[in-house]
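> Sharing a model prediction with you, sequence too.
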Amino acid sequence: MPAAAHTITEFVLATAASRPSAITRGPDGALWFTEAAGRIGRITTDGELTEFPIKGGGVVNAITTGPDGALWFTNFTSKKIGRIPATATAENLLVVEFAVPGPAGPLGITSGKDGALWFTDGAGGKIGRITTTGEVTEFAVIPMKARAITAGPDGALWFTDARDKIGRMTTEGTVTEFTIPTENSGPEGITRGPDGAVWFTESLSGKIGRITTDGKITEFALPDPNAQPFGITTGPDGALWFTEASCVRKRGSRCVIGNKIGRITTTGLVSEFAVPSDGSGPHSITAGPDGALWFTEYYGSRVGRLVLP
């Protein structure tokens, strides 16, 4: 896809230094995102923005739509999982939070095939499960540093492990891990691909990875190893789309490496698209209901929309 065949529009958040992080398509046809400054944000496809402070604040991390039609999010510092029902309004989010027991720091979250939500516990070294009524169960697994999590095509939960591994966990709690060939790869984002495999980013090695459900890993190098790929999602065009969070400058120039949105086909063909705001730190990305790609800009306090031709 040529770089000229796209349009990026950016929407500035009202809250300075809000640090928008994860983003997901909501049940109401809008995009919902988390802010590390302790807020949840909502943006309609025509760019109308609303921000909601979370009582007690905290580092609000990941967000997803649950099997019950509500939005579920993780709050790392408050050690809680939050729920926003579909009946929420701009005046009242109706947020309910559920505490995660023990030493905890929930990070990623996704819906499982069993009708529950599954999350990674970055502080407790566990994978957790929460029912739509708020019952929490955690599975103690081998020592790990789990990050993002997604439901795989095989019905299992797949997650990135900062120790250069990709993990797989059944809904019964059985864990298998697969070692990424590249050392110090820094796996971060993960998503179910359109080809029956699971795709992930390697933030430290500048690669995009693909793993089959039987554990075979293939890596695709980006044009520059310092691009720092972070979030990843399947796009409406059947390709994988990802963010490049870094910003490498030369002699005071704009970012010449990173600060882009990337696209990779299932055969490994890579395209990159520069984000207009310099050094904005593209973070998470998702496909919107309007056929566009929506992403957060962590340092730029913006939400971006990339329109395909």
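Yes, it's here.
> Please count neighbours and contacts with C-alpha atoms only from this point.
Fine.
> who does the worst-scoring helix or strand of the chain on mean pLDDT touch, helix- and strand-wise?
Ranked by mean pLDDT, DSSP states H and E, the weakest helix or strand in the chain is strand 136-140, scoring a mean of 87. Judged by 3 or more C-alpha pairs under 8 Å, 6 or more residues apart in numbering; DSSP states H and E, the packing partners of strand 136-140 are strand 126-130.
> Can you tell me the strand partners of the strand it packs on and which way each runs?
According to DSSP bridges, strand 126-130 forms sheet pairs with strand 117-121 (antiparallel), strand 136-140 (antiparallel).
> Tabulate those (a markdown table), appending distance to Gly288.
Below are the strands paired with strand 126-130 laid out as a markdown table (distance: least, C-alpha to C-alpha, whole Å):
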| stretch | distance to Gly288 |
| --- | --- |
| strand 117-121 | 21 |
| strand 136-140 | 30 |
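> most tightly surrounded among those strands?
Most buried of these, by mean neighbour count (mean count of other C-alpha atoms under 10 Å): strand 117-121, with a mean of 28.
> Can you tell me what sits against it?
Outside strand 117-121, the residues that touch it by C-alpha atoms under 8 Å, 6 or more residues apart in numbering are 66-67, 104-112, 126-132, 146-149, 157.
> What about these, which are in helices?
Of those, none are assigned to helices by DSSP state H.
> Okay, now the unreliable bits of the stretch 101-250 of the chain?
Within the stretch 101-250 of the chain, the segments meeting pLDDT under 70 span 141-143.
> go again using 80 as the cut-off
Along the stretch 101-250 of the chain, the parts satisfying pLDDT under 80 run over 140-144, 248-250.
> which residue ranges form the helices in it?
Remark: no helices are assigned in the stretch 101-250 of the chain by DSSP state H, counting those that start in this stretch.
> chain center to the least confident helix or strand of the chain: distance?
22 Å (C-alpha atoms, centre = their mean, to the nearest Å).
> now stretch 12-28
Here the centre of stretch 12-28 is set off from its chain's centre by 12 Å, with C-alpha atoms, centre = their mean.
> in that stretch, what's buried?
When neighbours are counted by 16 or more other C-alpha atoms under 10 Å, the buried residues of stretch 12-28 are found to be Leu13, Ser18, Arg19, Pro20, Ser21, Ala22, Ile23, Thr24, Arg25, Gly26, Pro27.
> Which helix or strand contains the fifth one?
What it means is Ser21. Under the criterion of DSSP states H and E, Ser21 resides in strand 20-25.
> in stretch 200-218, what counts as buried?
Neighbour-count burial for stretch 200-218 flags 200-213, 215, 217 (criterion: 16+ other C-alpha under 10 Å).
> and which of those residues is nearest Cys255?
Among these, Gly206 lies closest to Cys255 (C-alpha to C-alpha), at 15.9 Å.
> With adjacent residues omitted, what lies nearest to Trp199?
Nearest residue to Trp199 in three dimensions, chain neighbours excluded: Arg210, at 4.4 Å (C-alpha to C-alpha, 6 or more residues apart in numbering).
> So what pairs up with that neighbour in the strands?
Beta-bridge partners for Arg210, by DSSP bridges, are Trp199, Thr218.
> Name all residues that make contact with it.
Contacts of Arg210 (C-alpha under 8 Å, 6+ apart): Ala197, Val198, Trp199, Phe200, Ile217, Thr218, Glu219.
> ranges for the strands of the stretch 151-300 of the chain?
157-161, 165-169, 175-179, 187-192, 198-202, 207-211, 217-221, 229-234, 240-248, 257-264, 270-274, 282-287, 293-297 (DSSP state E, counting those that start in this stretch).
> elements contacting the first one?
Judged by 3+ C-alpha pairs under 8 Å, 6+ apart, strand 157-161 is in contact with strand 146-151, strand 165-169, strand 187-192.
> Please tabulate the ones you listed in TSV, including the columns mean neighbour count and distance to Arg254.
What follows is these, written out as TSV (neighbours: other C-alpha atoms under 10 Å; distance: least, C-alpha to C-alpha, whole Å):
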stretch	mean neighbour count	distance to Arg254
strand 146-151	26	30
strand 165-169	23	34
strand 187-192	26	25
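> Redo those as CSV? Include distance to Gly57.
Below are the helices and strands packed on strand 157-161 laid out as CSV (distance: least, C-alpha to C-alpha, whole Å):
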stretch, distance to Gly57
strand 146-151, 21
strand 165-169, 31
strand 187-192, 24
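> Thr233 is nearest to which of these?
strand 187-192 (5.7 Å).
> Direction included, what does the closest one pair up with?
Its sheet considered, strand 187-192 pairs with strand 198-202 (antiparallel) by DSSP bridges.
> between the strand it pairs with and strand 157-161, how many degrees?
Between strand 198-202 and strand 157-161, the angle comes out at 10 degrees (axes from the mean of the first three to the mean of the last three C-alpha atoms, to 10 degrees).
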